[in-house]
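> Need the 3D shape of this:
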Amino acid sequence: MSQKPQPPKRPSKGRAPRAKASRPETASLGRRLGRGLFGALATLLVVGVVILLGAAWIYSGPGPAAKAGDKTTVILRKGASLPEIASSLERGGVIRSSSIFMTAAKATGAARGLKAGEYEFASRASMATILDAIRHGRIVRHWITIPEGLTSDMVMDILNKSDVLTGDAATPPEGAILPETYEVQRGEDRAAVLQRMMDDRDKLLNQLWAHRQEGLPYRSKEEAVTMASIVEKETGKASERPQVAAVFINRLRTGMRLDTDPTVIYGISRGRPLGRGLRRSELDTPTPYNTYRIDGLPPTPIANPGRAALAAALNPAKTNDLYFVADGTGGHVFASTLEQHNANVAKWRQIERQRAGEGVPVVPAPPAGK
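Now for the predicted structure:
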C-alpha cells in the first residue's frame, strides 16, 4: 500500500533558522591563543633568566678595571644615603650598575649598615666584594705618630705636613699633647685630631695625678708635666726614668738647682736641636729656662712627655740619688754623694777619651749636677 508523500514543513512564523556552531574554528582559535600565551610566557621566562644571570654575573663576577694603577680609591661621606653611595661607586668606576648594587644591598640586608669612610678597591673587584667591604667598614687606615719628647712646634710640623688632614690648627701649649700613634681618616680636621691628642693627655694625667706618690714637691699638675718633660729629654730609656725623676725631685726637695742642659736649649731655640754642644756662655746666660741659673722648675714644660715620663714624674723611684752621668752603654749611673758622682764622671771622661782616639762619635754626658 503506497503512502502519500508528506508536504514539507513550513518554518514557524517569527523564528529564524538556527545556524549550527562552527566547532572546528573555535577550537583552532583557542589553540592559537594558547600557543601565543605560552610562547609569550616562555619568552618572558627566558628574558627573566637572562636578566637574572646577567645581574648575578655583574654582582659576583669581575668588576671594572681600575682607571689608573691596580687600585681605585673612593670616599663615602658620613650620612650618605644608599643611592648616593651607589652613585659614588659607579662614578668612581668600581661598579657597573648602581641599581644592581642597591638591589643587592637591600636583598642582603646590608643597606642598613653601610659604613662611611675611605675605601681602596682592587682593580676588577667584584660587586659582592665591594659591598661586603663597605658593610663591614674595611676602610683605609691612616696613622700619625707623635714621638715622645717633641715640642709642640714640632708636633704641628708633623700635622701640617700630612696630606690626609685638612684645616688649620693653632699650636697648643707646651706639654699639652700625649705622644702616641693616632689613627686618622682622610679629610679629618687637624684641630679635631689635635684635640684628641690633648684630651688623651688630660685623661692620662688625671689618672696618674689621682694615684701620685705622697709628698711630691708640685703645686699643680702642670708642674708635674714640666718635670716629666725634663725627664723625657734626659733619658731615652724608659726603665730608668723613675730614677732620673727621683734625682730631680730630690734636688727640688733639698733646694739644689736642677742643672739640666735640655732646659737651657729650650730657652735658646724653643727645643729645636742646636746641632752642637752648649757653650759656656750659654750656660752662664740667665733665661727663664736656664736651670743652671734659676731655682726650681722652669715656667713651662720643655717638650711633650710620654706615658713613661709622666708616670715617673708622679711615681719616682725612692732613692737618695742627687746625681747621674752616662755610663757608656746608653744608660746612666746614679750617685747620692758628690764624691761618688765625681768618680762616675771620671770613668765617663775616660770612655770619652778612648772613643775619641778610636774615632767614635761621643754623645755629651748629661748634666753632672755641678
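
> neighbours around Gln350, how many?
By other Cβ atoms under 10 Å, the residues close to Gln350 number 11. (Glycine included, C-beta is placed from N, CA and C.)

> Quickly note the distance from it to Lys237.
22 Å (Cβ to Cβ, to the nearest Å).

> how far does stretch 100-118 sit from the chain's center?
24 Å (Cα atoms, centre = their mean, to the nearest Å).

> What of stretch 282-290?
41 Å.

> Likewise for stretch 141-150?
Offset of stretch 141-150 from its chain centre (Cα atoms, centre = their mean): 10 Å.

> And that stretch, end to end?
24 Å (Cα to Cα, to the nearest Å).

> Could you do stretch 276-283 as well?
14 Å.

> Stretch 200-219 now?
Stretch 200-219 end-to-end distance (Cα to Cα) = 22 Å.

> Buried ones in it, by neighbour count?
Within stretch 200-219, the residues that count as buried by 16 or more other Cβ atoms under 10 Å are Asp200, Arg201, Leu204, Leu205, Leu208, Trp209, Arg212, Leu216, Tyr218.

> same thing with stretch 261-275?
Result for stretch 261-275 [16+ other Cβ under 10 Å]: buried residues Asp261, Pro262, Thr263, Val264, Ile265, Tyr266, Gly267, Ile268, Gly271.

> Name the nearest residue to the fourth one, sequence neighbours excluded.
Using Cβ to Cβ, 6 or more residues apart in numbering and skipping residues adjacent in sequence, the residue nearest Val264 is Asn290, 5.1 Å away.

> And the one you found, how far from Leu274?
Distance from Asn290 to Leu274, by Cβ to Cβ: 14 Å.

> Count the neighbours of the residue nearest to Val264 for me.
Per other Cβ under 10 Å, the neighbour tally for Asn290 reads 23.

> now do Thr181
Counted by other Cβ under 10 Å, the residues lying close to Thr181 total 9.

> Now do the contacts for the nearest residue in space to it that is not next to it in sequence.
Using Cβ to Cβ, 6+ apart and skipping the chain neighbours, the partner closest in space to Thr181 is Thr145 (4.5 Å). Thr145 is in contact with Ile158, Glu180, Thr181, Tyr182, counting by Cβ atoms under 8 Å, 6 or more residues apart in numbering.

> What spatial separation is found between Thr145 and Ala303?
Distance from Thr145 to Ala303, by Cβ to Cβ: 16 Å.

> where are the low-confidence patches of the protein?
For the chain, the stretches with pLDDT under 70 are 1-27, 30, 32-34, 36, 38-58, 358-370.

> Quick one: the strands in it, in order.
71-76, 117-122, 142-145, 181-184, 323-326, 332-335 (DSSP state E).

> quick one, which of the ones you listed is packed in tightest?
strand 323-326 (a mean of 24; mean count of other Cβ atoms under 10 Å).

> where do the helices sit along the stretch 1-150 of the chain?
Counting by DSSP state H, counting those that start in this stretch, the segments of the stretch 1-150 of the chain that form helices are 23-60, 82-92, 98-108, 127-135.

> got the buried residues for the shortest one?
It refers to helix 127-135. Buried, per 16+ other Cβ under 10 Å, within helix 127-135: Met127, Ala128, Thr129, Ile130, Leu131, Ala133, Ile134, Arg135.

> so what's the fifth one up against?
In this case it means Leu131. Contacts of Leu131 by Cβ under 8 Å, 6+ apart are Phe101, Ala104, Ala105, Thr108, Ala110.

> rerun that using 10 Å as the cut-off
For Leu131, the contact set (Cβ atoms under 10 Å, 6 or more residues apart in numbering) comprises Tyr59, Ile85, Ala86, Leu89, Ile95, Phe101, Ala104, Ala105, Thr108, Ala110, Ala111, Leu114.

> Counting neighbours, what do you get for the fifth one?
When neighbours are defined as other Cβ under 10 Å, Ile95 has 26 of them.

> can you tell me how far it sits from Ser336?
72 Å.

> Looking at the contacts of Thr145, spot the one nearest Thr254.
Glu180 (34.8 Å; Cβ to Cβ).

> hmm, back to that, now flag whichever of the contacts of Thr145 is closest to Asn342.
For the contacts of Thr145, the nearest to Asn342 is Glu180 (39.9 Å; Cβ to Cβ).

> ok, that closest one touching Lys203?
No - if you go by Cβ atoms under 10 Å, Glu180 and Lys203 don't touch, sitting 11.7 Å apart.

> picking up where we left off before, quick one: the contacts of Leu131 as JSON lines, columns for distance to Val231 too.
Shown next, in JSON lines, are the contacts of Leu131 (distance: Cβ to Cβ, whole Å):
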{"residue": "Tyr59", "distance to Val231": "59"}
{"residue": "Ile85", "distance to Val231": "50"}
{"residue": "Ala86", "distance to Val231": "55"}
{"residue": "Leu89", "distance to Val231": "51"}
{"residue": "Ile95", "distance to Val231": "55"}
{"residue": "Phe101", "distance to Val231": "56"}
{"residue": "Ala104", "distance to Val231": "57"}
{"residue": "Ala105", "distance to Val231": "54"}
{"residue": "Thr108", "distance to Val231": "55"}
{"residue": "Ala110", "distance to Val231": "51"}
{"residue": "Ala111", "distance to Val231": "54"}
{"residue": "Leu114", "distance to Val231": "48"}
